[in-house]
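Novice: next input, structure requested:
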Amino acid sequence: MTEVELVATALATGAAAGLTGTSRGVVHDLHAVLRETVRRRLSEGGGGVRGGYGLRVLHAYETDPDVWRTRLLGVLARGPEMDEEILGAARAVLRADRRAGHVVVDAVGP
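Specialist: Now for the predicted structure:
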């Protein structure tokens, strides 16, 4: 799994957790941190996928990941650096979800 795929999977996992009730609160909270970090990076200066388009794709992906996955992968690949803050937040979402008994992901760090 690439770093971009890791982040996209964590965003989808966290968004789904928010729809399933309070027992998944930790996943939802960690997802909020990840989403805000990615949103902030997309908002930071520059053109291209940063700014309006990248933020619209991020928002749309959270409502329908199956339809928007390819576009989000493109935005993340050309957009923000996959720094330790983003990657750490993504890994935390997936670890928490795995502990809740849902997704098993083998995410290898840099």
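Novice: can you give me the helices for the chain?
Specialist: In the chain, the helices defined using DSSP state H lie at 3-18, 25-43, 52-63, 65-78, 84-99.
Novice: low-confidence stretches in this protein?
Specialist: Applying pLDDT under 70 to the chain picks out residues 17-24, 45-51, 101-110.
Novice: spatially central residue in it, please.
Specialist: L11 (2.8 Å; C-alpha atoms, centre = their mean).
Novice: that one contacts A60, doesn't it?
Specialist: No - using C-beta atoms under 8 Å, L11 is not in contact with A60, being 11.4 Å away. Where you see a C-beta, it was placed from the backbone N, CA and C, and this is true even at glycine.
Novice: ok, R40 - how many residues close by?
Specialist: Neighbour count of R40, defined by other C-beta atoms under 10 Å: 12.
Novice: I'd like the numbering to begin with 57 instead of 1 from here.
Specialist: Understood, numbering begins at 57; the last thing we discussed is R96.
Novice: coming back round to it: need the winner for burial among the helices of the chain.
Specialist: With neighbours defined as mean count of other C-beta atoms under 10 Å, those peak in mean count at helix 59-74, which reaches a mean of 22.
Novice: which outside residues touch that helix?
Specialist: Applying C-beta atoms under 8 Å, 6 or more residues apart in numbering, the external contacts of helix 59-74 come out as 57, 80, 83-84, 86-88, 90-91, 94, 114, 117-119, 121, 125, 128-129, 132-133, 138, 142-143, 145-147, 149-150, 153, 156, 158-159, 161, 163, 166.
Novice: could you redo the last one with a cut-off of 6 Å?
Specialist: Contact with helix 59-74 is made by 80, 83-84, 87, 90, 118, 121, 128-129, 132-133, 138, 146, 149-150, 153, 159, 163, as judged by C-beta atoms under 6 Å, 6 or more residues apart in numbering.
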